[in-house]
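*Asks:* sequence-free structure coming up:
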């Protein structure tokens, strides 16, 4: 599990540098329709309720359909049918992955994110998921907002 999480972290650090720079400058949370990665797997990390017919991905490709359905199946039934809950899920995922790219010690935040994801996976209904997502957002939003926009350059000394 940790190996998979580290893989995802490294993927995000490689794929999202433009998003991270934009986040540092504006410090707002993007909306669910603003994330448009060229990689479906990366998009599904943050937007598991992706509507592939509106996303630009081939909605006739069986492999793409399977990936989207697998991403949606990780959450309780009707999660993606509830736009407020889908947006909350996006916000929580966005905060997890964008904050981890901004902190000086991502390995410590990674431990919290693994715990948060475990709580999400234990939810069997949307009421539980709603409460867990609220908790995640309330934990990460203050951290996300408080990270300095302009950090002093490092000296290069270890």
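*Replies:* Alright, I've got the coordinates. Keep in mind that this is a model prediction, so the values were computed, not measured.
*Asks:* where do the helices sit along the chain?
*Replies:* Assignment of helices within the chain using DSSP state H yields the ranges 2-15, 17-26, 40-46, 52-55, 62-73, 83-102, 106-122, 126-146.
*Asks:* which of these has the lowest average pLDDT?
*Replies:* Lowest mean pLDDT of these: helix 17-26, a mean of 49.
*Asks:* can you add mean neighbour count and give the helices of the chain back as a markdown table?
*Replies:* In this view, the C-beta of every residue, glycine as well, is placed from N, C-alpha and C. Listed next are these as a markdown table, based on neighbours: other C-beta atoms under 10 Å:
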| stretch | mean neighbour count |
| --- | --- |
| helix 2-15 | 13 |
| helix 17-26 | 14 |
| helix 40-46 | 20 |
| helix 52-55 | 14 |
| helix 62-73 | 14 |
| helix 83-102 | 20 |
| helix 106-122 | 15 |
| helix 126-146 | 16 |
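*Asks:* so how far is residue 79 from residue 123?
*Replies:* Distance, residue 123 to residue 79, by C-beta to C-beta, to the nearest Å: 9 Å.
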